[in-house]
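Trainee: Kindly return the folded structure for what I paste below:
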Amino acid sequence: MGEIRLSSEKRLRLFTGRGYPELAQEVADQLGIPLTPTSAYDFANGEIFVRFEESVRGCDAFVIQSHTEPLNKQIMEQLIMVDALKRASAKRITVVVPFYGYARQDKKHRGREPISARLIADLFKTAGADRLMTVDLHTAQIQGFFDGPVDHLFALPLLTNYVGSKVDRSRLTIVSPDSGRVRVAERWSDLLGGCPIAFIHKTRDPLIPNEAVVGRVVGDVAGRTCVVIDDMIDTAGTITKAVDALIDAGASEVLVAATHAVLSGPAVERLKSSKVAEVVITNTLPTPDANKFDKLTILSIAPLLARAIKEVFEDGSVTSLFDGHS
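Mentor: Alright, predicted model coming up:
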């Protein structure tokens, strides 16, 4: 009887949907591996078809798809890719979502509302995902919605390193655009040597989406360089009102730093015409040329994603990417 040889060598495979292949290619280049060839197209009625052009049996699969516009299509395509991998006997499937769609719907504000962030997690689990990797969730509790390991990556070191290299830290104040981001502002402060924190007290009408009413600045910002931080810039209403409030309160210069640049509707025009000195974002979402402007700086999240994928593949520690310990 012939000898059976078992290959214990694991195979790392990287897959991308059509939502943002440029970021996936950048991650692949960082890892020094190719993207697995994939055929994907839409039927006339909008149904999505996906097929992988190479065997994926026994591989450690990482499926990258940022939930960019049209968001629902990107989510559905990623779910179909996970299902295809499961049925093709991939050993482990990790869903890599730099921007997690529906993350803002993480709780019920009133009766008869969905918790859509939980639904998305359930869909990925049902499709066959073993693990979830994402960047700067709207709220950290979303990690608990997914029944399996979640790698919650932070763009914080990337953003703080850039801002810290650009401004005089002795004149720096970190500003939370609302009371909910104060904890994040504290982490910014810690990484930038303990600079002071301010926040903007605002109220929001729950009946009007994407509309914020900015109140007063709480904290001393007069004559200081202020950095307004947030997880995302959507219509830029909150951010630009915060910039105006800080300038009115005597701030000498205002920068904005955010991880996810959704930039919906009037966002770009609002930012271009505001008194902000610089808007710093990452490339968790694509920024088309039409949305780029002189005051915009885009930092790449690809090295962080690549390092996290490598740690997961080698059964290392993703936490060590942030706390300096292994």
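
Trainee: Which helix or strand contains L207?
Mentor: Assigned by DSSP states H and E, L207 belongs to no helix or strand.

Trainee: Now for it, how many residues are close by?
Mentor: Using other Cβ atoms under 10 Å, L207 has 7 other residues around it. Every C-beta, even on glycine, is put in place using the N, C-alpha and C of the backbone.

Trainee: per-residue pLDDT, it?
Mentor: The per-residue pLDDT reported for L207 equals 72.

Trainee: Equivalent analysis for G324, please.
Mentor: 48.

Trainee: cool, M1 as well?
Mentor: 48.

Trainee: for the one 3 residues further on, same thing?
Mentor: In this model, I4 is scored at 55, pLDDT.

Trainee: now swap in G215 and tell me
Mentor: 74.

Trainee: Can you get me a residue count around the closest residue to it other than its chain neighbours?
Mentor: Spatial nearest neighbour of G215, chain neighbours left out: H201 (4.3 Å); criterion: Cβ to Cβ, 6 or more residues apart in numbering. Residues within reach of H201, counting by other Cβ under 10 Å, total 12.

Trainee: low pLDDT regions in the stretch 101-250 of the chain?
Mentor: 202-206, 210-214 (pLDDT under 70).

Trainee: what's next to the biggest helix by length in the chain, contact-wise?
Mentor: In the chain, with assignment by DSSP state H, the single longest helix is helix 71-87. If you take Cβ atoms under 8 Å, 6 or more residues apart in numbering as the criterion, helix 71-87 is touched by 15, 17-19, 38, 40, 48-52, 56, 61, 63, 65-68, 93, 95, 97, 101, 120, 123-124, 127-129.

Trainee: what sits against P149?
Mentor: Counting by Cβ under 8 Å, 6+ apart, P149 makes contact with 130-132.

Trainee: Was I right to think E311 contacts S317?
Mentor: Yes: in this structure, E311 is within contact of S317 by Cβ atoms under 8 Å, at 6.2 Å.
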